[in-house]
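Enquirer: using only what follows, build the 3D model:
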Amino acid sequence: MKKIFALSLLLFGLCACASTDETPAPQKFRESHFDNQQAIGLKVNKVEVVSEFVPSFTRPNVEHLFPVSIEKTATNWANERLRAVDFSSTKQATFTIKDASVTEEIVKSEKIFEKDSLKYKARLSVVLKVSDTAKFATAETSLEAWRELQIPIDTPIDEKEVYWKNMVDKLFKEFNARMQENIHKYLNMYIDNSFSVTDYE
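Expert: Numbers count the residues shown, from 1 in each chain. You can find the predicted model right below:
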């Protein structure tokens, strides 16, 4: 069996703070969409989106408290940016969400008159695999991304939600760029209208 494999790891750091008014209006949030960008045509007969992530609903995990879901946003990304363009092909693409979690940690201040903080770490791990049943070959690229946020422990919930939404938006801004780069680098032989071929033994 011939197997093609490529892996990329992305780590990126602390996000910037968001600001709100003293008496902010109630916020309504929705997951980001990517249908305003050109879809990546894959020479496969189907693109399947699978999530293996199971939230625990138990601290330190707090992804269920976020006003937007990393898992749902990752699903939106795959559905809107990946497109099957060869329905006679024996190849199929599978986009698997491995991790879409957020953890919370209390950070004790080392200074007497300084407040404790809450540190959040968001993680997103995905694998995009192309399988060719006729040739018993597979190719895949994976990406692991994280982002951190630290805010005062007494931050009101409406302000927290703004911080959280900005955190997820910035996570996916980086993810979108890096995942597109990975696909063109490691799965270029499966991209429609791609003239560059790289074979990984």
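Enquirer: gap between the residue of the chain positioned farthest from its centre and S69?
Expert: Using C-alpha atoms, centre = their mean, the residue of the chain lying farthest from its centre is I112. It sits 38.2 Å away. I112 sits at a distance of 39 Å from S69 (criterion: C-beta to C-beta, to the nearest Å). For glycine as for every other residue, the C-beta is placed from the backbone atoms N, C-alpha and C.
Enquirer: what do you get for S109?
Expert: From S109 to S69 the distance is 31 Å (C-beta to C-beta).
Enquirer: which of these two has more neighbours?
Expert: Ranked by neighbour count (other C-beta atoms under 10 Å), S109 and S69 place S69 first, with 17 against 12.
Enquirer: could you count how many residues lie near the residue nearest to that one when sequence neighbours are not counted?
Expert: Among residues not flanking S69 along the chain, E31 sits closest, at 6.1 Å (C-beta to C-beta, 6 or more residues apart in numbering). Neighbours of E31 under the rule other C-beta under 10 Å: 19.
Enquirer: quick check: pLDDT value at E31.
Expert: pLDDT for E31: 94.
Enquirer: ranges for the helices of the chain?
Expert: Remark: helices assigned in the chain by DSSP state H are 70-81, 157-186.
Enquirer: mean neighbour count, those: which tops it?
Expert: The highest average neighbour count among those, using mean count of other C-beta atoms under 10 Å, belongs to helix 70-81 at a mean of 20.
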